[in-house]
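Asker: got a structure for you, letters missing:
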C-alpha cells in the first residue's frame with residue numbers, strides 16, 4: 001500500500017534537512033543518494049496531490065516547456081539580456097524573433113524558475129538569475145549546447161518514437177531508428193552529423209557531451225587515481241575527449257598521454273577543441289580517425305576498425321582495439337541506431353560513486 005502524502009511530505013522534510021544540515025556528518029555518497037530520494041519523493045507527492053488526470057496532462061504538456069526552453073536557449077536570450085535587465089521588445093529585436101512568441105516562451109520558462117520578471121508578475125522586463133545564467137554561452141558551466149541538442153535533435157527524434165516502434169513490429173521490415181525518420185536519412189546519425197551541411201550539429205553534439213559530462217561526472221577526476229595509471233589512456237569513441245580535457249585542466253603539469261579514437265569528422269572537431277589546452281598544459285594527445293563499430297569500407301578511404309588496425313600509428317591503441325575484436329554482437333557494429341544521450345535528471349555523481357564503478361568486476 002502506498003504511503004499517504006502527509007507521510008511522504010514528512011520524509012521529504014527529513015531528507016532535505018539531511019542534505020542541508022551544516023552540522024550533519026554525512027559523506028558525498030550519502031548526500032547523492034539523499035538528493036535522488038528527494039527527487040523521487042517530490043515526483044510521487046506531485047502525482048498524489050494532483051491526481052491522475054491533472055498529473056497526466058502535466059506530463060503530456062511538458063513538450064511545450066521543452067520547446068520554450070529550446071527557443072530561449074537557441075536564440076541566445078540569456079546572452080542578449082546579459083548582466084542587466086531588458087524589456088521583451090528589446091530582447092526580441094536583439095535575437096531576431098517575434099515578440100509575441102518570445103513573450104510566451106519567456107513566461108513559460110519563468111514559471112519553471114528561469115529568468116526574473118523585474119517588477120513582478122506581468123512585467124515585460126526580464127533579467128537573468130542563477131537558473132538562466134547556465135544558458136549563457138560564456139558561463140563557465142554552461143548547458144547551452146546540451147539543452148539545444150536535447151530540445152532539438154532529441155525532441156524531434158522522440159516525436160517519431162511511435163512510428164519507429166510500429167515499423168519495428170513488422171518481422172520482415174527493416175529497423176529504422178526514430179532519429180532517421182525524424183530527419184529523413186539512413187545510416188548512422190553520427191556520420192550524418194559530420195556531413196558538411198550538417199557539420200554544425202556534429203560540433204554541437206561534441207560540445208553538448210562535454211557540458212553533460214561536466215555536470216554529471218565532474219568528480220570522476222578526483223574519484224580515481226588517474227596519475228597512478230600507465231599512459232596512454234585510450235578512449236574509443238571518445239568524441240572530442242571531454243574526460244581527457246578535464247584531466248589536463250586538473251593536472252596541467254602532468255604529462256598525460258591519451259589516444260582519442262573516433263570518426264574522422266569528430267576527430268577534426270577534437271583537434272580544434274584541444275588547441276588551447278595543448279598550448280597551456282603538458283598533455284599529449286594522439287588523434288586517431290576510424291570507426292570501431294563497423295567493418296564496412298570507409299568512403300574517406302580510412303580503414304575502419306574491425307577490418308584493420310594497421311593504419312593506427314599508436315601501438316597501444318591498436319593493441320587495445322585488437323583486444324576488443326569480436327566483443328560486440330555483429331548487429332551492434334552496423335545498426336547505427338542514432339540514440340541520443342539520456343542524462344535526464346542526473347545529479348553530479350560523488351567521488352565514492354566513481355570508485356565503486358572502477359572496482360566493478362565487469363571492468
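Answerer: Thanks, I have the structure now. All values reported here derive from a predicted model rather than from experimental measurement.
Asker: Could you give the separation of stretch 179-191 from the chain centroid?
Answerer: Centroid separation between stretch 179-191 and its chain, computed with CA atoms, centre = their mean, to the nearest Å, is 19 Å.
Asker: now stretch 120-138
Answerer: With CA atoms, centre = their mean, you get 22 Å for stretch 120-138.
Asker: Between the two ends of it, what distance do you get?
Answerer: 27 Å (CA to CA, to the nearest Å).
Asker: Show me which residues of that stretch are buried.
Answerer: For stretch 120-138, a neighbour-count test (16 or more other CB atoms under 10 Å) marks 124, 125, 126, 127, 128, 132, 133, 134, 135, 136 as buried. (Glycine included, C-beta is placed from N, CA and C.)
Asker: and residue 255, that's in a strand?
Answerer: No - using DSSP: H, G, I helix; E, B strand; the rest coil, the assignment for residue 255 is coil, not a strand.
Asker: For burial, what's the neighbour tally of it?
Answerer: By the measure other CB atoms under 10 Å, the count of residues near residue 255 is 10.
Asker: about what we covered before: taking the buried residues of stretch 120-138 together, which two end up most distant?
Answerer: 124 and 134 (23.6 Å; CB to CB).
Asker: so where is the stretch 51-200 of the chain shaky, pLDDT-wise?
Answerer: For the stretch 51-200 of the chain, applying pLDDT under 70 flags the ranges 173.
Asker: the helices in the stretch 1-150 of the chain, which residues?
Answerer: For the stretch 1-150 of the chain, the helices defined by DSSP state H, counting those that start in this stretch cover 5-20, 28-74, 77-81, 88-95, 99-110, 130-133, 144-148.
Asker: what is the orientation angle of the fourth one with helix 28-74?
Answerer: Direction vectors for helix 88-95 and helix 28-74, defined by axes from the mean of the first three to the mean of the last three CA atoms, to 10 degrees, enclose an angle of 80 degrees.
Asker: Can you list the buried residues in helix 88-95?
Answerer: Of all the residues in helix 88-95, those buried under the rule 16+ other CB under 10 Å are 88, 91, 92, 94, 95.
Asker: Then the fifth one?
Answerer: Within helix 99-110, the residues that qualify as buried by neighbour count (16+ other CB under 10 Å) are 102, 103, 105, 106, 107, 108, 109, 110.
Asker: From these, pick the one nearest residue 235.
Answerer: residue 109 (35.5 Å).
Asker: my read: that closest one touches residue 70, true?
Answerer: No - using CB atoms under 8 Å, residue 109 is not in contact with residue 70, being 10.0 Å away.
Asker: tally of neighbours for residue 74?
Answerer: By other CB under 10 Å, neighbour count at residue 74 equals 17.
Asker: same question, residue 278
Answerer: 13.
Asker: Same check on the one 5 residues further on?
Answerer: When neighbours are defined as other CB under 10 Å, residue 283 has 21 of them.
Asker: Could you check how far it is from residue 241?
Answerer: Distance of residue 283 to residue 241, computed by CB to CB, to the nearest Å: 9 Å.
Asker: what does residue 163 give?
Answerer: Distance from residue 163 to residue 241, counting by CB to CB: 35 Å.
Asker: Neighbour count: those two, which is higher?
Answerer: Neighbour count, other CB under 10 Å: between residue 163 and residue 241, residue 241 has more, with 29 against 13.
Asker: which residues does the more buried one contact?
Answerer: The neighbours of residue 241, taking CB atoms under 8 Å, 6 or more residues apart in numbering as the test, are 235, 258, 260, 270, 273, 274, 285.
Asker: Of the residues you listed, which is the most crowded?
Answerer: That'd be residue 260 among the contacts of residue 241, by other CB under 10 Å, with 26 neighbours.
Asker: Can you give the domain ranges for this protein?
Answerer: 5-133, 161-358 (automatic domain parsing).
Asker: So the most centrally placed residue in the chain versus residue 206, what's the distance?
Answerer: By CA atoms, centre = their mean, the mean C-alpha position of the chain lies nearest to residue 212, the distance being 3.7 Å. Separation of residue 212 from residue 206 (CB to CB): 11 Å.
Asker: same thing with residue 1?
Answerer: The value you get for residue 1 to residue 206, if CB to CB is used, is 48 Å.
Asker: okay, those two: which has more neighbours?
Answerer: Per other CB under 10 Å, whichever of residue 1 and residue 206 has more neighbours is residue 206, with 24 against 3.
Asker: which SSE is that one in?
Answerer: helix 199-217 (DSSP states H and E).
Asker: list the helices and strands that helix packs on?
Answerer: Counting contacts by 3 or more CB pairs under 8 Å, 6 or more residues apart in numbering; DSSP states H and E, helix 199-217 packs against helix 144-148, helix 242-250, helix 264-280.
Asker: Name the residues of the longest one that are buried.
Answerer: By neighbour count on 16+ other CB under 10 Å, the buried set for helix 264-280 is 264, 265, 266, 267, 268, 269, 270, 273, 274, 277.
Asker: check contacts around residue 82.
Answerer: residue 128.
Asker: got JSON lines for the helices of the stretch 1-150 of the chain, with distance to residue 220 too?
Answerer: Shown next, in JSON lines, are the helices of the stretch 1-150 of the chain (distance: least, CB to CB, whole Å):
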{"stretch": "helix 5-20", "distance to residue 220": "22"}
{"stretch": "helix 28-74", "distance to residue 220": "13"}
{"stretch": "helix 77-81", "distance to residue 220": "28"}
{"stretch": "helix 88-95", "distance to residue 220": "36"}
{"stretch": "helix 99-110", "distance to residue 220": "30"}
{"stretch": "helix 130-133", "distance to residue 220": "24"}
{"stretch": "helix 144-148", "distance to residue 220": "17"}
